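Visitor: Quick check, what structure comes out for this input:
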Amino acid sequence: MTTTDVNELTPRNLVSPPAAQTDTTIALAWDKPQSADDIACYHVYVNGKVHGIITATDYTLTGLEPSHAYEVQVYAVSRAGVVSLPGPTLTAATKPESERFDITSFGAVADRETMNTAAIQAAIDACTPGGTVYVPEGVFNTGAIFLKSHMTLYVAKGGVLLGSGNPADYPVMTYRWEGREQLCYASLVNTRDCSGGERHEQITIAGEGTIDANGAALFKGEMAEKKGYRGRAVCLRNTDYVYLKDITVRQSPAWCVHLIYCNQVSANGISIYTKNDEYGRRYENIFNGDGLNPDSSSDIYIFNSMIASQDDCIAIKSGRDEEGRRVGIPSRDIRITNCRFNSGFGVAIGSEMAGGVSGVQVTDCIFEDVYSIGTVKAPRGRGAVIENISYENCTLKNYSLEHEDCEWFRGAINIDQFYSHIEYDADLLEEVNEGTSIIRNISFRNIVLDTYAGNAVFMAGLPESPLQNIVLENVSGIGKFGLKAYNIEGLTLTNVSVMSRLDEDYQFHNTRQV
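Guide: Below is the predicted model of the structure:
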């Protein structure tokens, strides 16, 4: 193999994602080499010695010393056994050892009945900068708690923060609900808005335990009382450098993990359950059960994680209509890799996206009994631009018939500017104004999908604002229906094979192909 060929095997852009360091671990992520199809695995070296071998493009160093810097290199190994040159060496450091504040030392009792809100909040308030609020094994009942900067909330294996089912334990406060600032019940785990426009920073939620919002019970109470919209399991606002590691979050009364105006975020090894619990038992009376929602948030890495959702697994948002445009904070530079999705509606952009969304990558993910790999949705009225979105090396298998084509979901690959409309006229022009959205530069590459639920591919722009530069490359799919394309300026189909079980394989209308 020539030097040029070896260079084409070299991993690229090795980083330790934002905030993804603890006192004993450092997470890593990198981009595939130029010759990605020829890679068998990667070797991760630390201080010149091999630390691990992995097939994914992320790896977490464990067993490290606190307050130490480590030199890391990653080599790729081809299927023929050729070892690449390393990319540039990365130097990354662990955090200092953390002072522990055990909630039981502040009076918390793990008996499922004692209301521990005051004790847990006292531990948080006492936590020194860089400290850890520690939740040991056991089930601790609690209402809303509020985190602060420079702290870790650590829920140990076997530990559970169980949300109270009483709405009175969640003060009503202003959150963003479906794209607008509105009164909402507090979530189980929150941040408070700081005075003077200050921001929180360096908040970690970690551990092999569980945050259970008790949503089935709480949903009923909040909907009956109606002092505000429903809370979430975790809602962080105005926070930089957030790390979610290994934690299980489940049973929210609405969206599960909601990040509003947050930047430099990493989610590594987390599990989210909003439809069923880990044993497949259905949560009752929950809807709007999204998994993880970055909302007007940027510089985000989500990797090595699992989401089993009642609605969108991940939904990337940035505000709704005039208010979202006025706030004008986009979501951008979001990397989703090596994740598994086990129910719900895949990785969605929108529909509340009036601040704009750009630079989203979804790579090397598996979707099982999930309706769609990706949905890009921006109905009339939103405005702003969705652009530079890519889905690559993903597989979908959906044999569930729980959901079929409707105004909310129309395809396993789904780009829809008629989202939320049962009936629509694809030829009816309307006036272009500030509420007219633009969707452009969207690609699906190396995709295999098999769905019984609806269209394999559905792409529909507005006649007054057609989709622009849509690329499908190396896509093989079969659906109940085939591929439908409406109002597209610049559709590129390369090595695309789509089959329909019930209608025509391909239907094009007002579509200019390249």
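Visitor: In the protein, where is pLDDT below threshold?
Guide: Residues of the chain meeting the criterion pLDDT under 70: 1-5.
Visitor: what residue is smack in the middle of it?
Guide: residue 314 (4.0 Å; C-alpha atoms, centre = their mean).
Visitor: what's the single longest strand in this structure?
Guide: strand 481-500 (DSSP state E).
Visitor: helices or strands next to that one in the packing?
Guide: Helices and strands touching strand 481-500, by 3 or more C-beta pairs under 8 Å, 6 or more residues apart in numbering; DSSP states H and E, are strand 455-460, strand 467-479, strand 506-513. (Glycine included, C-beta is placed from N, CA and C.)
Visitor: Please enumerate the helices of the chain.
Guide: Using DSSP state H, the helices of the chain run over 3-7, 117-126, 215-225, 321-327.
Visitor: In contact with the residue lying closest to residue 399 once chain neighbours are set aside, which residues?
Guide: Among residues not flanking residue 399 along the chain, residue 452 sits closest, at 5.4 Å (C-beta to C-beta, 6 or more residues apart in numbering). Applying C-beta atoms under 8 Å, 6 or more residues apart in numbering to residue 452 gives the contacts 398-401, 479-480, 501.
Visitor: can you pick the most crowded of the residues you listed?
Guide: Highest neighbour count within the contacts of residue 452, by other C-beta atoms under 10 Å: residue 479, with 28 neighbours.
Visitor: Next, the contact list for that residue, please.
Guide: 411-412, 449-457, 498-501.
Visitor: and what of residue 134?
Guide: If you count contacts by C-beta under 8 Å, 6+ apart, then residue 134 has 100-103, 154, 156 around it.
Visitor: Quickly list what it is bridged to.
Guide: Note on residue 134: beta-bridge partners by DSSP bridges are residue 102, residue 154.
Visitor: count of neighbours near the closest residue to residue 390 other than its chain neighbours?
Guide: Using C-beta to C-beta, 6+ apart and skipping residues adjacent in sequence, the residue nearest residue 390 is residue 443, 4.7 Å away. By other C-beta under 10 Å, the residues close to residue 443 number 16.
Visitor: Check whether residue 443 really touches residue 475, as I assumed.
Guide: No. The pair residue 443 / residue 475 is not scored as a contact, 10.1 Å apart, by C-beta atoms under 8 Å.
Visitor: For residue 474, see how far away the spatially closest residue to residue 438 that is not a sequence neighbour is.
Guide: Sequence neighbours aside, residue 385 is the residue nearest to residue 438 in space, at 4.5 Å (criterion: C-beta to C-beta, 6+ apart). Using C-beta to C-beta, to the nearest Å, residue 385 is found at 27 Å from residue 474.
Visitor: Same question for residue 350.
Guide: Distance from residue 350 to residue 474, by C-beta to C-beta: 26 Å.
Visitor: Please say which of these two ends up with more neighbours.
Guide: Taking other C-beta under 10 Å, residue 350 and residue 474 do not tie; residue 350 has more neighbours (27 against 15).
Visitor: got a list of what the nearest residue to the more buried one once chain neighbours are set aside touches?
Guide: Nearest non-adjacent residue to residue 350, counting by C-beta to C-beta, 6+ apart: residue 377, 4.1 Å away. For residue 377, the contact set (C-beta under 8 Å, 6+ apart) comprises 348-351, 414-417, 419.
Visitor: what do you get for residue 415?
Guide: Residue 415 touches 375-377, 439, 442, 458-461, 467, 470, counting by C-beta under 8 Å, 6+ apart.
Visitor: The same query, at a cut-off of 10 Å, please.
Guide: Contacts for residue 415 (C-beta atoms under 10 Å, 6 or more residues apart in numbering) come out as 349, 374-378, 386, 389, 439, 442, 444, 457-461, 467, 470, 485-486, 488.
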